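Colleague: All I have is the shape, not the residue letters:
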């Protein structure tokens, strides 16, 4: 879960005790002044670290409040429909965050405290992120259907690109969305187009794209300067991909119309990479769930294997991975990105026939033996399955924006304090 990778994300809250007042009513819930103030602290800190310009305090406060409103309506929808995150799931997520920052949980809590971050507040912010992710999966992603024609077109385009060049390009992109409501009138469409052209004019006059995104964009990444990171053309809507092909580093597109509204894209950087032949790896492992002596137990098992004991027999006897014990710990062939990062890093770096030192992943402690590697030769069925996943990922962002805007429009929202 990439959105959990940085411990100093939107979960960072100062521990100051602020005199609270209600600044917005959202359905049957409220947003407090302290929530806005705490979020502002985070955004300003992140902007300083990234060297990002921000809009004026008044505009920034309005944008932050709107983001909190969107989070609130999503959490209310999740509660109404029975979506929640239990304590075990939350604990595993936080343990994973700590591990990704090379800390155990005790050191991680100390690091949070040193940054002025209340651990309980941090826990609840992660619970909110996980809950919203589950809500999006159920209410948006699960309802996206990809037709055979879409898959055919994707494979045809991808094959044409592969035949014309031995390299592929990735684009680092910034994005501004001037949103449109569902069933927008001609007047609303013209107004949004005019606004997009006005913002484009400001960019051409030297305006800072990130600051303008934070000021005007209705996109999910507006307060991050509109940055959507590195994407290949295959990972973008065709509308975006066609436009990016014509842009150089530093250039901004003309307004691009979609169902969501009008988009402006800016290319921050381009990387051209030779296409690599994908490989698959086959391994077997022994897993012990997190326990005080798991590492020592695995070291002892490794010594027994190196002294002639059967890896498969020991896996059947000791491994706690119920999916692989019957097969002597052997796992199906996998490619990069199909296993948790800690497991992949070890398995893919081991020489054939070698056994790893004990290492930890989000599932527990492992030792791994790499059995075999081969070049990946995708069947037609698997190519179509991959194409469907890629198209669905692209569609997910578009559909989520539409769904969220509809959820927001249906909510009762009353702004109580205009002078935040």
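Modeller: Received, thanks. All values reported here derive from a predicted model rather than from experimental measurement. Numbering: from 1, shown residues only.
Colleague: And the average pLDDT for the one helix or strand residue 97 maps to is what?
Modeller: Secondary-structure assignment from DSSP states H and E places residue 97 in helix 87-100. Helix 87-100 carries an average pLDDT of 86.
Colleague: just stretch 349-369 next, same as before
Modeller: For stretch 349-369, the per-residue pLDDT averages 91.
Colleague: In stretch 196-208, which of the residues would be classed as buried?
Modeller: The neighbour-count check on stretch 196-208 (16 or more other Cβ atoms under 10 Å) flags 196, 199-200, 202-203, 208 as buried. The C-beta positions use only the backbone N, C-alpha and C, and glycine is treated the same way.
Colleague: Which neighbouring elements make contact with the helix holding residue 97?
Modeller: Using 3 or more Cβ pairs under 8 Å, 6 or more residues apart in numbering; DSSP states H and E as the contact test, the elements touching helix 87-100 are helix 105-114, helix 119-139.
Colleague: Determine which stretch of these is the most buried.
Modeller: helix 119-139 (a mean of 17; mean count of other Cβ atoms under 10 Å).
Colleague: For residue 352, which non-adjacent residue is closest in space?
Modeller: The shortest distance from residue 352 to any non-neighbouring residue, by Cβ to Cβ, 6 or more residues apart in numbering, is to residue 370 (5.7 Å).
Colleague: Point out where the protein drops to low pLDDT.
Modeller: For the chain, residues meeting the criterion pLDDT under 70 lie at 1-19, 160-167, 273-277, 290-292, 377-378, 417-420.
Colleague: at 50 what do you get?
Modeller: Across the chain, the ranges flagged by pLDDT under 50 are 1-18, 165-166, 419-420.
Colleague: quick one: the strands in it?
Modeller: In order along the chain, the chain carries the following strands (DSSP state E): 22-26, 29-32, 167-179, 227-232, 256-258, 261-274, 279-288, 359-361, 364-375, 413-415.
Colleague: in its sheet, what does the first one sit against?
Modeller: With DSSP bridges as the criterion, the sheet partners recorded for strand 22-26 are strand 29-32 (antiparallel), strand 413-415 (antiparallel).
Colleague: Now it: buried residues?
Modeller: 23-26.
Colleague: before we move on, what about the third one?
Modeller: Residues of strand 167-179 classed as buried under the neighbour-count rule (16+ other Cβ under 10 Å) are 168, 170-179.
Colleague: The residue lying closest to residue 199 once chain neighbours are set aside: what's it in contact with?
Modeller: Distances taken as Cβ to Cβ, 6+ apart place residue 216 nearest to residue 199, at 5.3 Å, with adjacent residues excluded. By Cβ atoms under 8 Å, 6 or more residues apart in numbering, the contact list for residue 216 reads 176, 178, 195, 199, 222.
Colleague: what's the angle between the lengthiest helix in the chain and strand 22-26?
Modeller: In the chain, taking DSSP state H as the definition, the longest helix is helix 380-410. Calculated by axes from the mean of the first three to the mean of the last three Cα atoms, to 10 degrees, helix 380-410 forms an angle of 120 degrees with strand 22-26.
Colleague: Run the chain-centre distance for helix 380-410.
Modeller: Here helix 380-410 is found 14 Å from its chain centre; the criterion is Cα atoms, centre = their mean, to the nearest Å.
Colleague: repeat for stretch 243-259
Modeller: With Cα atoms, centre = their mean, you get 23 Å for stretch 243-259.
Colleague: in it, what's buried?
Modeller: 243-244, 247, 252-253, 255-257.
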